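Engineer: Sequence and computational prediction follow.
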Amino acid sequence: MPKDISKEKSIRKAKTTVELVICAVILGTSVFLGKSCFDRVKVVPSTNKEATKIEEIEIPDPSTAVDPNKIVFAPSPIETKKKFSGNLILVNNDNEYFSTGTENLVSIMTKNDEAGRSTFTAVDYDYTILEPAYEPLAKMVDDWHEIYNNDTLIVYGSHRTKEFQQQLYDQFTADTSGDGEAPIVALPGFSEHETGLAFDFSETTEYNYQGTGDFQWLNNNCHKYGFVIRYTEEKEAITEYRSEPWHFRYVGIPHAKYMTENNLCLEEYIELLRNAYNYNDEHLKINDEYGAAYEIYFYPSDDAAEVTNVPVPTGVKYEISGNNVDGFIVTVHVDEKTEIGSENLSFTTSPYSFSATTTADSSAETTADTTTDSTTETTVAY
Ligand SMILES: [Zn+2]
């Protein structure tokens with residue numbers, strides 16, 4: 001064993017021993033105090049039944065006083081404007097996406113090449129998504145491919161800049177204006193594709209992905225990988241989009257699981273968290289199918305201030321995302337204990353972090369051309 005590691009180990013061991021001793025002392029003191037308090041209550045002669053009752057309730061319970069599994073929260077100053085970014089941002093006709101210009105985008109085909117992955121492809125190398133969504137996408141497709149051995153799956157739409165969305169919008173409205181139906185092309189600034197968290201599947205046989213046949217597995221199992229089918233026929237009145245079985249949106253595993261099991265679209269889920277799982281109320285508890293436990297809550301942004309003090313757990317890993325409307329959603333990884341000060345490890349890979357390198361999207365022209373070539377309506381999936 002290298003000397004440094006063994007030294008670090010012994011320091012940690014010593015630290016743990018000291019902590020245990022401190023815990024024991026606290027526990028002992030609590031028991032003593034609790035007991036003496038209890039004794040005092042007992043010796044006070046009671047003349048009134050009600051008074052005795054109140055005194056009994058106030059006796060401190062030594063067993064909960066030092067619960068090592070109890071999560072302790074402390075305020076963390078977060079820039080209020082960061083409520084516009086993260087895995088759970090709601091982007092729709094009412095909520096615009098504000099690009100930071102520094103989204104951590106990766107080329108799907110480059111990543112596939114690097115991993116030697118040939119289970120699916122994208123239209124071109126300039127088809128990008130946010131880095132944290134790539135691995136879940138690849139894992140999902142790999143698992144699907146292992147079952148169906150189908151080589152026709154292709155990512156046909158992914159990240160778009162606002163400028164590219166403008167081109168698509170102009171093109172679409174020039175073709176079919178005023179049909180009065182729910183939009184297929186979102187207004188520039190209001191497309192989920194601009195977040196880098198959404199992508200559209202197609203298939204290279206007929207370019208008509210409907211989430212049926214071999215592909216049904218993807219639509220049925222995507223929540224296990226952190227994705228949801230964003231626009232379903234059932235939720236059309238809420239999302240204001242027609243059904244798009246090809247459009248997947250990354251939200252993260254616990255959220256995708258809860259939304260799927262409870263049949264909630266993102267609009268409904270964001271509202272539920274805001275109304276029922278505020279930090280000061282009950283927190284939403286979710287166990288995923290991999291055995292991980294999560295605690296989720298909403299905290300409103302202080303829009304009058306530059307910084308919002310969001311309560312976050314200490315010594316436990318967590319992720320934080322804006323909801324793009326009025327606050328933050330904190331996802332606590334209950335079982336992932338960590339050293340105090342390094343709880344927010346996921347910030348480094350989350351789009352929440354603004355530190356990632358920029359991948360400029362200079363591909364609007366070529367991508368637009370590719371899209372124009374498509375012949376059937378379903379291939380133009382927005
Ligand atoms: Zn789409």
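Structural biologist: Received, thanks.
Engineer: What residues does this structure have near the ion?
Structural biologist: Residues of the chain found near the ion (Cβ under 5 Å from the ion) are 157, 200, 247. In short, each C-beta sits where N, CA and C put it, glycine included.
Engineer: what about 8 Å?
Structural biologist: 157, 191-193, 198-200, 230, 244, 246-247, 381-382 (Cβ under 8 Å from the ion).
Engineer: what are the bridge partners for the residue of the stretch 151-300 of the chain found nearest the ion, then?
Structural biologist: As assessed by Cβ to the ion, the ion sits closest to His247 within the stretch 151-300 of the chain, at 3.6 Å. Going by DSSP bridges, His247 is paired in beta bridges with Asp200.
Engineer: Distance-wise, check it relative to Cys222.
Structural biologist: His247 sits 11 Å away from Cys222, taking Cβ to Cβ, to the nearest Å as the criterion.
Engineer: overlap in contacts of those two?
Structural biologist: Taking Cβ atoms under 8 Å, 6 or more residues apart in numbering as the contact rule, the neighbours common to His247 and Cys222 are Ile229.
Engineer: From the residues of the chain next to the ion, which shows the smallest pLDDT?
Structural biologist: Least confident entry in those, by pLDDT: Ala381, with 33.
Engineer: What segments of the stretch 51-200 of the chain are helices?
Structural biologist: 62-65, 108-115, 131-148, 162-175 (DSSP state H, counting those that start in this stretch).
Engineer: dump the residue contacts of Tyr258.
Structural biologist: By Cβ under 8 Å, 6+ apart, the neighbours of Tyr258 are 264, 269, 284, 286.
Engineer: and it, that one's in a helix?
Structural biologist: Yes: membership of Tyr258 in a helix is supported by DSSP: H, G, I helix; E, B strand; the rest coil.
Engineer: average pLDDT across the top strand by length along the chain?
Structural biologist: Counting residues, the longest strand found in the chain (DSSP state E) is strand 327-337. On average, the pLDDT along strand 327-337 is 95.
Engineer: Could I have the CA atoms of the helix or strand encompassing Val310 written out in PDB?
Structural biologist: Following DSSP states H and E, one finds Val310 within strand 307-314. Extracted in PDB, the C-alpha atoms of strand 307-314 (Å, rounded to 0.1, in the frame of the first residue of the first chain):
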ATOM      1  CA  VAL A 307     -28.500  35.100  -4.500                       C
ATOM      2  CA  THR A 308     -31.000  32.600  -3.100                       C
ATOM      3  CA  ASN A 309     -30.000  30.700   0.000                       C
ATOM      4  CA  VAL A 310     -31.200  27.200  -0.900                       C
ATOM      5  CA  PRO A 311     -31.200  24.700   1.900                       C
ATOM      6  CA  VAL A 312     -29.000  21.700   1.000                       C
ATOM      7  CA  PRO A 313     -27.900  18.600   2.900                       C
ATOM      8  CA  THR A 314     -24.600  18.400   4.600                       C
END
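Engineer: Done for today, thanks.
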